[in-house]
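Participant: Here is a sequence together with a model predicted from it:
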Amino acid sequence: MASTETAAKDNAQDLAGLEAGLDALDAVRVSRTPVREVLVRKVLPPVVAVVLVLAVWQILIWAKVTDDYKLPSPSLVWGEVTDAWAQGTLLGFIWTSVSRGLLGFLLALVIGTPLGLLVSRVKLVRAAIGPVLSGLQSLPSVAWVPPAVIWLGLNDRMMFAVILLGAVPSIANGLVSGVDQIPPLHLRAGRTLGATGLRGTWHIVLPAALPGYLAGLKQGWAFSWRSLMAAEIIASSPDLGVGLGQLLEQGRETSSMSMVFLAIILILTVGIAIDLLIFSPLERWVLRSRGLLVKN
């Protein structure tokens, strides 16, 4: 009798401890991060890094480690920026490439997502084209520029074809990897609840595969941007306008290293901006939806 009472008390204490733990989890406060803390933790580190790079760059100029025509000073590169801004061409360079890159990436997303689902869910399709997708992903995108020019000519269709050939395999393989990492029990539970076919794909497979899919999207954008730059550098025509790749090539043709550095900095800046404005918020949303990122 005494042992029964003791066991009951222990169970009651365990339940009380469990309830207290759950209450503690529910009681997590979500508060707004102070602006000063955001500045210190998010803004200050990259600013300091940029200042250090500029300082080292200027020190190399003062030390005359190489000729001026090989390594321009920061002031010369800034002069290229101000000249392009005064002429009204700076934003045009950026918009020409960014608009192509984003549109090409959206087309790759529309094609790569159903392709990835098909490869991940149908064994025969995976056996047939799975290795081909992996091979295409490892193929340098610059290799597609010459045949695309011959097939389609010097126009925007050629640019988009190169972007698609570079980005679609990455998006599809990312989704395949995400689907492969879904626990089988998760899928069986969804089928038991009636989530089959397209409904199961939308409500079970895609949400569960979201981390791998998002990684594939990030890689797909990187391949899109790199493919576009390769196409713009190699294929130039007045009908194509002047994007960042053409700007880089113009700097090479005129032996203007300040223009070359300007193009490189703008290409890098666009890549960082897309990651910070689009993919980083998506990553935080995915982590927060899975309880892996909590604001205290």
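Facilitator: All right, it came through fine. Numbering: from 1, shown residues only.
Participant: ok, residue 274 - contacts?
Facilitator: Going by CB atoms under 8 Å, 6 or more residues apart in numbering, residue 274 touches 221, 225. Every residue, glycine included, has its C-beta placed from N, CA and C.
Participant: So for the helix or strand that it is a member of, what gets flagged as buried?
Facilitator: Here residue 274 sits within helix 257-274, counting by DSSP states H and E. Buried positions in helix 257-274, judged by neighbour count with 16 or more other CB atoms under 10 Å: 257-263, 266-267, 270-271, 274.
Participant: could you give me the average pLDDT of that helix?
Facilitator: Helix 257-274 shows a mean pLDDT of 91.
Participant: Nearest to residue 211 among the buried residues of helix 257-274?
Facilitator: Set against residue 211, the nearest of the buried residues of helix 257-274 by CB to CB is residue 274 (19.4 Å).
Participant: hmm, back to that, quick check: next helix or strand after the helix holding residue 274?
Facilitator: Next helix or strand after helix 257-274 toward the C-terminus (DSSP H and E): helix 280-289.
Participant: If we only consider the buried residues of helix 257-274, which is nearest to residue 181?
Facilitator: Comparing the buried residues of helix 257-274 against residue 181 with CB to CB places residue 274 closest, at 25.7 Å.
Participant: got the angle for the helix or strand hosting residue 84 vs helix 257-274?
Facilitator: Under the criterion of DSSP H and E, residue 84 resides in helix 74-87. Going by axes from the mean of the first three to the mean of the last three CA atoms, to 10 degrees, helix 74-87 is angled at 80 degrees with respect to helix 257-274.
Participant: Next one, pLDDT for the residue found closest to residue 244 once you drop the neighbours it is linked to in the chain please.
Facilitator: Leaving aside its chain neighbours, residue 244 sits nearest to residue 97 (4.4 Å; criterion: CB to CB, 6 or more residues apart in numbering). In this model, residue 97 is scored at 92, pLDDT.
Participant: for residue 97, what are its contacts?
Facilitator: Contacts for residue 97 (CB under 8 Å, 6+ apart) come out as 228-229, 232, 243-245, 267, 270.
Participant: May I ask which two of these are separated the most?
Facilitator: 232 and 270 (12.6 Å).
Participant: so what sits against both of those two?
Facilitator: Jointly contacting residue 232 and residue 270 under the rule CB under 8 Å, 6+ apart are 97, 244.
Participant: separation between residue 281 and residue 216?
Facilitator: 17 Å (CB to CB, to the nearest Å).
Participant: just residue 285 next, same as before
Facilitator: Residue 285 sits at a distance of 17 Å from residue 216 (criterion: CB to CB).
Participant: Who has more neighbours out of the two?
Facilitator: Each of residue 285 and residue 216 has its neighbours counted (other CB atoms under 10 Å); residue 216 has more, 27 against 13.
Participant: That one is in contact with residue 178, isn't it?
Facilitator: Yes: the criterion here is CB atoms under 8 Å, and residue 216 meets it with residue 178 at 7.2 Å.
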